[in-house]
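S.K.: A structural model of the following input is requested.
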Amino acid sequence: MTAVATSSDQSSAQADRFDFKAYLGQAKDRVEAALDGSLAPERPESLRDAMRYSLLAGGKRLRPILCLAACELAGGDAAQAMPTAVALEMIHTMSLIHDDLPAMDDDDLRRGRPTNHKVYGEAVAILAGDALLTRAFEMVALRSPGVPAERLLKVVGELSLVAGAPGLVGGQVVDLESEGKEVDLETLEYIHLHKTGALLSACVITGAMIGDADDDLITALRTYARGIGLAFQIIDDILDITASSEVLGKTAGKDLIADKTTYPKLLGLDESRKRADALVGEAKDALKPWAEKARPLLALADFITSRDR
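M.R.: Numbers count the residues shown, from 1 in each chain. Take a look at the predicted model:
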């Protein structure tokens, strides 16, 4: 005898068919439009051009999308989180511009085209990064209509920590100091939790703050962010070995050339992949109490380990 599907079964099946590709595409389109509108014509035009060159160079836009998804998970309006999402991408772009400089990683290629300093010179590239960092705080403090001031103050505090010495700047310093040296797993994870993970954490935490998340959700999101942050970097390390420059949009094999310690160097490729998968599992487990509403964040976690660039 053939079982007849009930309406609840059908609803469950429909809920299971979360169209992540469509979600990602729509969210990215909204983010791209907001990024484009964030840098209107202003003087000096040369500085604005350099800022727009890197900010609008494409990319996955995972950081702003994580922010929007976390806001919605907390019950907030993603539109209110968009200025903060833009600010996060500005901070990320600043870090890329500065990371590519001759004094840092000395890279010529980013997102498939010449790096900022190769086009505008080192001085303007540094200033463009500085301007994007300060514009990020402007986006939160002055361009976030409808968001209560106390929530914006929390967001500013979170961003100031992750963008400075306690976050990505501190991680970058330890990364530079570790080149050519034997580094253990604890130090490697310190570098990546600060250089990469701190900003990814801020993406979900600030989005949740805009949505007025409670303490339980904030705690769970910090666990989620730690897992995806480390997993993201492990996959980056793997792709630096296994993917081409054409696919990555940046120079492949730079870690080997700079004699940097990476996860594959310490653990091997297979163990590194297992570690990334385990971290994503931990991240997803943290959001189990919110599983139904957390579908975008759960799918984004899986995307991090399945990406090819």
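S.K.: tell me how many other residues surround M209.
M.R.: 28 (other CB atoms under 10 Å). C-betas here are computed from N, CA, C, even on glycine.
S.K.: wait, it touches V156, no?
M.R.: No - checked against CB atoms under 8 Å, the pair M209 and V156 is beyond contact range at 10.1 Å.
S.K.: which parts of this protein are strands?
M.R.: Counting by DSSP state E, the chain has strands at residues 109-110, 113-114.
S.K.: residues contacting the residue nearest the centre of the chain?
M.R.: The residue lying closest to the centre of the chain (CA atoms, centre = their mean) is R63, at 3.4 Å. Neighbouring residues of R63 by CB atoms under 8 Å, 6 or more residues apart in numbering: 85, 88-89, 92, 199-200, 203.
S.K.: quick one: it from R110, how far?
M.R.: According to CB to CB, to the nearest Å, R63 and R110 sit 16 Å apart.
S.K.: ok, now L176?
M.R.: Distance from L176 to R110, by CB to CB: 18 Å.
S.K.: then L221?
M.R.: Distance from L221 to R110, by CB to CB: 29 Å.
S.K.: tell me which of these two has more neighbours.
M.R.: Using other CB under 10 Å, the more surrounded residue of L221 and R110 is L221, with 28 against 23.
S.K.: the more buried one is in contact with I205, isn't it?
M.R.: Yes - taking contacts as CB under 8 Å, L221 lies within contact range of I205: 6.0 Å.
S.K.: can you list residues touching both of those two?
M.R.: In contact with both L221 and I205: A70, using CB under 8 Å, 6+ apart.
S.K.: where does pLDDT dip in the stretch 1-150 of the chain?
M.R.: Scanning the stretch 1-150 of the chain for pLDDT under 70 picks out the ranges 1-16.
S.K.: sketch out the helices for it, chain order is fine.
M.R.: 7-16, 20-38, 45-55, 62-73, 78-99, 116-120, 122-142, 149-163 (DSSP state H, counting those that start in this stretch).
S.K.: and the third one, which residues are buried?
M.R.: The reference is to helix 45-55. Neighbour-count burial for helix 45-55 flags 47-48, 50-55 (criterion: 16 or more other CB atoms under 10 Å).
S.K.: likewise stretch 129-137?
M.R.: Here stretch 129-137 shows 129, 131-133, 135-137 as buried, counting by 16+ other CB under 10 Å.
S.K.: may I ask which two of those residues are separated the most?
M.R.: G129 and F137 (13.9 Å; CB to CB).
S.K.: ok now do the closest residue to A78 other than its chain neighbours, which residues does it touch?
M.R.: Nearest residue to A78, sequence neighbours excluded (CB to CB, 6 or more residues apart in numbering): L68, at 4.4 Å. Residues in contact with L68 (CB under 8 Å, 6+ apart) are 27, 30-31, 78, 81-82, 85, 207.
S.K.: about what we covered before: from the buried residues of helix 45-55, which is closest to A74?
M.R.: Out of the buried residues of helix 45-55, the member with the shortest distance to A74 (by CB to CB) is L55, at 26.6 Å.
S.K.: against A136, how distant is that closest one?
M.R.: 10 Å.
S.K.: now do the same contact list for the closest residue in space to T261 that isn't next to it in sequence.
M.R.: In space, and not counting its chain neighbours, T261 is closest to V183: 3.8 Å by CB to CB, 6+ apart. V183 is in contact with 191, 261, 266, counting by CB under 8 Å, 6+ apart.
S.K.: next one: G58
M.R.: 111-112.
S.K.: what's it sitting at in phi/psi?
M.R.: phi 90, psi -150 (degrees, to the nearest 10).
S.K.: how much space separates it from G25?
M.R.: Distance, G58 to G25, using CB to CB: 14 Å.
S.K.: at which residues are the helices of the stretch 151-300 of the chain located?
M.R.: 168-177, 185-192, 198-210, 215-242, 245-248, 254-257, 263-267, 269-286, 295-306.
S.K.: okay, those helices in TSV with distance to L161 next?
M.R.: As requested, those are exported to TSV (distance: least, CB to CB, whole Å):
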stretch	distance to L161
helix 168-177	10
helix 185-192	16
helix 198-210	8
helix 215-242	13
helix 245-248	30
helix 254-257	27
helix 263-267	25
helix 269-286	21
helix 295-306	22
